[in-house]
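**Q** after the sequence you'll find the predicted model.
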Amino acid sequence: MSQKHIILRTAPHVKKPQDVPLIMRNVVYALLPIVAFAVYQFGISVLALVIVTTLACLGTERFFNWMGNKPSSLSDWSSTITGILLALTLPPGFPLWMAAVAGIAGIAIGKAVFGGIGYNVFNPALVGRAFVQAAFPVAITTWTPAFFTGRFSEFVPSSLTLPFMMPPETAEWVEQVAVDGFTGATPLALQKFQHITTDPFALYTGTVAGSAGETSALLILVCGMYLVVRKMMNWQIPAWLFVGVIVTSGVLYLINPDKNPDPLFMLFSGGLMLGAMFMASDMVGSPLTPRGVMVYGLLIGSLTVIIRVYGSLSEGIMYAILLGNAATPLIDAWTQPRLFGAKPKGKSA
Amino acid sequence: MSLIKQDDRITVDTFLEGIWRENPVFVMMLGMCPVLAVTNSAINALAMGLATTFVLITSSLLVSLFRNLIPSEVRIATYIVIIATFVTIVDYIIQALSQDVYNALGAFIQLIVVNCIILGRAEACASRNKPVKSMVNAAGMGLGFTLALLCLGVVREILGSGSLFGLPLFGEQFQPWVVMVLPPGGFLVLGGWLLFFEWLKTRKQQSLAAEGVTHG
Amino acid sequence: MSSKTSTAMIATLGFVTALSGFLIVTVYQATKPAIEENKRLSIQKTVLEVIKGATADKHFIINDKGELLEAVPGMKGINIYAGYDARGKLMGVAVEGSAQGYSGSVDTIYAYTPACECITGIKVIKQTETPGLGDKVITDKNFVANFDKLEAKVNAAGDALANAIVAVKHGAKHNPWEIDAISGATISSKAIAKGLNGSAQQVLPKVVPLLPTIESKFTSEGAKP
């Protein structure tokens, strides 16, 4: 058991190729229920989305293998995970061609240029998402209602947009199919721009608008626990991240309860749960030392809240994790076990 | 005139050097500021490239003419004064020709002064060679710079606005890639081109090496 | 020896600087008329574009004391561009408005039409908003339609607008003085509204009483093509 522990923490540096696919495969297992629920929620559009992003990621990985004259690295499952995670962070009706662009950009910019698995600074799935967020800001904030009728027989109209073309206006279609009360805005956006709070129960169970795989916080939590139980994920990262979120949003809530949402809402809304469980804990981009993990988690947690409350976007977990990834080498350097009698500082949260 | 004997011959390479083997952008990585900043459309890239080429050629001529008179202690100051003169001139000319292009290029025209390609040429080439050779070399460099800017500008305009030189290519329904006309797009496209050229070069070397093996 | 090199340095620098100065002044003199003509044309084009039906323009300035003066270069005050039709009827006045947008100031010129006491056109002359998103304030047809007839009535006291011009959330426009914002570009939309409101609140009360004067100035001057 302790053996596994060590492997987990140092996987990018100690080359034990037979262990990476094992862990990665288990991550895929853990993601499958979330995918299944997303498909149940949003229908075949999400299924197509997952397939397209995964194929795009695998294809790009293979292309860069070929370009660099390296053996195929598809069998380590990491690109598969990137593809699935990426699909889960996109809106259910996201045009498939844009999803493919996201997959290609994620692997190409986020992973291949750094040298492939183990060398990437950022989480490739989030790099892909950040790219399409910057490229197609409108499409990525167009949401579709969950549980709409006929979701298993027809696509969301915007899904099948021709490549390089603008997705059609879906507002009318949404009005036709939506269960009443759907406004086309995520709970976070509703809270931020219109000060409407969403029923917490809806957040746990996923009956709200949002990205394909982020709507049921409860399910994500359970799936994440599977990895924790199998010792394939550092549970301290999400734990500290939650602490960061609760403390920061708690302070803000106490200062101004009318404007700022309460910590529980912050914790269970948006992509925070998915990001904390499956992206922030990505072992390549996170620090190695226990104290580093603490700083990293707190940093991402508080940044998320700060971006959500003060930024012009309603969701902040993506940029928070990317910034956390970027800060990882620094955190690692600061939190080395004390050899030189260095001062125990470095907490910046 | 010069005390040190120079290689005065003007060859095709004098001109081509700047376009391919020592391309200021893709090989020497000089003048990145305008490369990233004004290449969000092909027409801006072209205007910037031509303005820089003009300054390159004229300042090379002047530097080369005075190369034996300028004391080395004040040479940088002298070059900068000469370059700044021509930048100011090109600034006025563009303003007189088209207010629209002038507005689009904004402060980047004035910033040609600090473009290291020009100072680099003055120092490395014009101050050591005869006027004609310097000008030919500068023209090559300017053309190489312009082509590199166009490489970026074309890609960024096609993806970012769906048009080329302002002419729409894909019709009304085209979805622009917003990121391409933003600063990150400049970095991404530049990176893409560098990757492409590097890959070409590596492949060429590999095939050369392979040939060497089979023949040797 | 050192004095010799110093002399050489000073002489070289002096010579090069003098040459530079000569070149710059020559080019400046040569291009000055063209540059000024370009600037004037570009303003005239904007004014005639923004004031519908106008075929001639004239530049006025309202100074600190509220007096209307015909503009001469270097004069300080509020710029007023009047647009007349061929017979000298005042079609509208164009006024500048500016406010902070998402990533820099958004400068606009808008047309005020006395006949309907409303804003009838707007043109963004300088903006650095996010391309594809914030710059929709120029390209989005629905947004531009806001300015076909945007109420800008001066109140009874004549010191401000009766109703402040505001941007409202997309689809929530109910009053003729509200601007229907672009969803996804709210900050840029609001900047336009803020620029309009800030300028209109201040300028229009001053301009409206002067409108007959502005109209009368046309005949004395003659139409510019």
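**A** Here it is on my side, so go on. All figures in this text were calculated on a predicted structure; none of them were measured in a lab.
**Q** up against chain B, what does chain C have?
**A** Residues of chain C lying near chain B by C-beta under 8 Å from any C-beta of the partner chain: C:5, C:8-9, C:12-13, C:16-17, C:19-20, C:23-24, C:27-28, C:31, C:34-35, C:38-39, C:41-42, C:126, C:130-133. (C-beta placed from N, C-alpha, C; glycine too.)
**Q** following the longest strand seen in chain C, which helix or strand comes up?
**A** The strand spanning the most residues in chain C, taking DSSP state E as the definition, is strand C:90-100. Following strand C:90-100 in sequence order, the next helix or strand is strand C:105-113 (DSSP states H and E).
**Q** got the buried residues for that following strand?
**A** Judged by neighbour count (16 or more other C-beta atoms under 10 Å in any protein chain shown), strand C:105-113 contains these buried residues: C:106-113.
**Q** ok, longest helix in chain B?
**A** In chain B, assigned by DSSP state H, the helix with the most residues is helix B:183-215.
**Q** close to chain A, is that one?
**A** Yes - Helix B:183-215 comes into contact with chain A (C-beta under 8 Å from any C-beta), by way of B:184, B:188, B:191, B:195, B:199.
**Q** now that helix: buried residues?
**A** So helix B:183-215, judged by 16+ other C-beta under 10 Å, has buried residues B:184-186, B:188-190, B:192-193.
**Q** is it in proximity to chain C?
**A** No - taking C-beta under 8 Å from any C-beta as the criterion, helix B:183-215 and chain C are apart, separated by no less than 9.5 Å.
**Q** helices of chain C, residue ranges please.
**A** Counting by DSSP H, the helices of chain C are C:2-50, C:136-139, C:141-144, C:186-221.
**Q** swap that for chain B, sorry
**A** Under DSSP H, chain B gives helices at B:12-16, B:32-37, B:42-65, B:75-97, B:99-105, B:116-121, B:131-161, B:178-181, B:183-215.
**Q** now swap in the stretch 151-300 of chain A and tell me
**A** Assigned by DSSP state H, counting those that start in this stretch, the stretch 151-300 of chain A shows helices spanning A:171-177, A:187-189, A:200-205, A:217-229, A:236-255, A:263-268, A:272-274, A:290-310.
**Q** correct me, but residue B:99 touches residue C:38?
**A** Yes - between residue B:99 and residue C:38 there is a contact under C-beta atoms under 8 Å: 4.5 Å.
**Q** which stretches of chain A have low pLDDT?
**A** Across chain A, the ranges flagged by pLDDT under 70 are A:1-18, A:177-185, A:192-197, A:200-201, A:204-207, A:338-349.
**Q** do chain C as well
**A** Ranges of chain C meeting pLDDT under 70: C:1-4, C:73-74, C:128-134, C:184, C:218-225.
**Q** ok so, going back, could you dump the buried residues of strand C:105-113 to TSV with distance to residue B:154?
**A** Output for these, formatted as TSV (distance: C-beta to C-beta, whole Å):
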residue	distance to residue B:154
C:106	29
C:107	30
C:108	32
C:109	33
C:110	36
C:111	38
C:112	42
C:113	43
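**Q** for chain C, what are the nearby residues on chain B?
**A** B:40, B:66, B:69-71, B:73-74, B:77-78, B:81-82, B:84-85, B:88-89, B:92-93, B:95-99, B:103, B:160-161, B:176, B:178, B:181-182.
**Q** which of these come close to chain A?
**A** B:178, B:182.
**Q** going by neighbour count, which of the residues of chain B next to chain C are buried?
**A** B:40, B:66, B:70-71, B:74, B:78, B:81-82, B:84-85, B:88-89, B:92-93, B:95-96, B:99, B:160-161, B:176, B:178, B:181-182.
**Q** give me the mean pLDDT for the longest helix of chain B.
**A** Averaged over helix B:183-215, pLDDT sits at 86.
**Q** output the contacting helices and strands for it.
**A** Applying 3 or more C-beta pairs under 8 Å, 6 or more residues apart in numbering or on different chains; DSSP states H and E, one finds that helix B:183-215 contacts helix B:32-37, helix B:131-161, helix B:178-181.
**Q** give me the contacts around the shortest one.
**A** Spelled out, that is helix B:178-181. With C-beta atoms under 8 Å, 6 or more residues apart in numbering or on different chains as the contact definition, helix B:178-181 has outside contacts at A:131, A:134-137, B:40-41, B:155-157, B:159-161, B:185, B:188-189, C:130-133.
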